[in-house]
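K.L.:
need a structure here:
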Amino acid sequence: QKAEERLERLELLPPACRTLAVGEGDFVFSEALATARVASATPPGPLVVTCLESEAESVQQYSGLQQRLKQLRSLGAEVLCGVDATRLREGPLAKLEPFERIVFNFPLLPMKVHKSR
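P.N.:
Residues are numbered from 1 along each chain as shown. Next up, the predicted model:
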């Protein structure tokens with residue numbers, strides 16, 4: 001048996017984990033993550049993806065976002081907008097089960113929008 005075959009596969013975001021993605025902008029990262037999880041041999045665990053802005057604001061800021069959100073939902077992800085990543089115990093996440101992984105991918109800010117956060 002080769003040494004490589006004996007090594008366990010290291011996964012930072014195993015598909016079966018309860019995963020939360022915070023601070024999304026255009027949701028490209030979350031879409032890729034959801035697609036990979038569904039394609040995995042392991043049944044995917046819950047995936048919750050969030051952004052600070054309302055859904056209407058986000059759709060207005062990022063072209064193609066409405067379709068991306070539809071795709072995310074069809075892949076089984078829960079999309080929550082209006083979530084402040086600095087206050088995860090408040091708002092829509094307050095009553096959810098704890099997550100095994102939390103990903104804060106650097107948010108993408110539209111070039112024309114410069115908000116102080």
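K.L.:
Show me which helix runs longest in this structure.
P.N.:
Looking across the chain with DSSP state H, the single longest helix is helix 28-39.
K.L.:
buried residues in that one?
P.N.:
When burial is assessed from 16 or more other Cβ atoms under 10 Å, helix 28-39 yields the following buried residues: 29-31, 33-34, 37. Every residue, glycine included, has its C-beta placed from N, CA and C.
K.L.:
which of those lies closest to Q67?
P.N.:
E31 (9.9 Å; Cβ to Cβ).
K.L.:
From what I see, that closest one and K70 are in contact.
P.N.:
No: using Cβ atoms under 8 Å, E31 is not in contact with K70; the gap is 10.4 Å.
K.L.:
Contact partners for A16?
P.N.:
Counting by Cβ atoms under 8 Å, 6 or more residues apart in numbering, A16 makes contact with 42-45.
K.L.:
Can you classify it by secondary structure?
P.N.:
Three-state call for A16 (DSSP: H, G, I helix; E, B strand; the rest coil): coil.
K.L.:
one step back: can you name the next helix or strand after the longest helix of the chain?
P.N.:
Using DSSP states H and E, the helix or strand that follows helix 28-39 in sequence is strand 47-51.
K.L.:
Would you mind listing the outside residues contacting the helix or strand that comes right after that following strand?
P.N.:
Heading C-terminal from strand 47-51, the first helix or strand you meet, by DSSP H and E, is helix 55-61. For helix 55-61, the surrounding residues in contact (Cβ under 8 Å, 6+ apart) are 25, 51, 53, 65-66, 69, 79, 81-82, 110, 113.
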